[in-house]
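K.L.:
no FASTA, just this:
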């Protein structure tokens, strides 16, 4: 009888493990701060223990005993993040493999990804106000159509067909992904660029050390808005 109970317990543990998922991006950029969370319910608010396979690659920031954690990407390569959770049914352990890269995932376009020969392979985020964000493709062709789709943390989606779109920036419901579909007018050809963002990407504070450029667009040199900002760039 005891043998069967042990087997049953092991079977239940396997099911629980399979249902334990760490949410967050599988690819993050070097020096970026990323957020991860777990869906399993613990016995208490601090019944979680987060670890990374190497602090030299992924360094935990802040509280490591809640259902969410922030980690800083310190080195290029693959690493893992894991969490142990004390639940009413026992101990759960979850793991997620994360790849740290020096390139933005949106820039990893091959010829197969971009069969149209368009030079756009990225876009830049610029705040218009504290509550409005614009996106600027890194090239300025006149023969393209643009279709933007942003997804917010609660699942809401907003679309725009403007070349330089503007979307609401909501701290309580941040943008977590932006998709740009670019279509040439003649011949008709299209491809898509997608960027994903951590929940805290849009916050500017001492923890994230992020500076998102803020300025109002005016019809001057387009390249002024797509170039990498210097220390002299105004930020709010």
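P.N.:
Received, thanks. What you are looking at is a predicted structure, and each value in this text was computed from that prediction instead of being measured. Numbers count the residues shown, from 1 in each chain.

K.L.:
mind showing which ranges of the protein have poor pLDDT?
P.N.:
For the chain, applying pLDDT under 70 flags the ranges 1-19, 103-115, 186, 204-236.

K.L.:
quick one: contacts for the spatially closest residue to residue 157 that is not a sequence neighbour?
P.N.:
The shortest distance from residue 157 to any non-neighbouring residue, by Cβ to Cβ, 6 or more residues apart in numbering, is to residue 151 (5.3 Å). Where C-beta positions appear, they are placed from N, C-alpha and C, glycine not excepted. Neighbour list for residue 151: 157, 175, 176, 177, 178, 179 [criterion: Cβ atoms under 8 Å, 6 or more residues apart in numbering].

K.L.:
The second one contacts residue 154, doesn't it?
P.N.:
Same thing as residue 175. No. The pair formed by residue 175 and residue 154 falls short of the contact definition of Cβ atoms under 8 Å, at 10.9 Å.

K.L.:
more crowded one of those two?
P.N.:
Counted by other Cβ atoms under 10 Å, residue 175 and residue 154 do not tie: residue 175 has more neighbours, with 24 against 10.

K.L.:
how much space between the more buried one and residue 32?
P.N.:
Counting by Cβ to Cβ, to the nearest Å, the separation of residue 175 from residue 32 is 15 Å.

K.L.:
can you tell me which residues contact residue 120?
P.N.:
137, 138, 139, 141, 144, 180, 182, 193.

K.L.:
burial measure for the fourth one, as a count.
P.N.:
Per other Cβ under 10 Å, the neighbour tally for residue 141 reads 13.

K.L.:
Give the full set of residues in contact with the nearest residue to residue 94 once chain neighbours are set aside.
P.N.:
Nearest non-adjacent residue to residue 94, counting by Cβ to Cβ, 6+ apart: residue 20, 4.1 Å away. Residue 20 sits next to 38, 39, 40, 85, 92, 93, 94 when contact means Cβ under 8 Å, 6+ apart.

K.L.:
Ok, residue 100 next?
P.N.:
Neighbour list for residue 100: 27-30, 57-58, 73-79 [criterion: Cβ under 8 Å, 6+ apart].

K.L.:
Okay, and which of those residues map to strands?
P.N.:
Among the contacts of residue 100, the members found in strands (DSSP state E) are 27, 28, 29, 58, 73, 77, 78, 79.

K.L.:
Buried ones only from those residues, please, as a PyMOL command.
P.N.:
Command for PyMOL that selects the buried part of the ones in strands among the contacts of residue 100, burial taken from 16 or more other Cβ atoms under 10 Å:
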select buried, resi 28+58+73+79
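
K.L.:
my guess is residue 88 contacts residue 43, does it?
P.N.:
Yes. Using Cβ under 8 Å, residue 88 is in contact with residue 43, at 6.1 Å.

K.L.:
In terms of helices and strands, where is the closest residue to residue 65 other than its chain neighbours?
P.N.:
Spatial nearest neighbour of residue 65, chain neighbours left out: residue 46 (4.2 Å); criterion: Cβ to Cβ, 6+ apart. Using DSSP states H and E, residue 46 falls within no helix or strand.

K.L.:
Okay then, goodbye and thanks.
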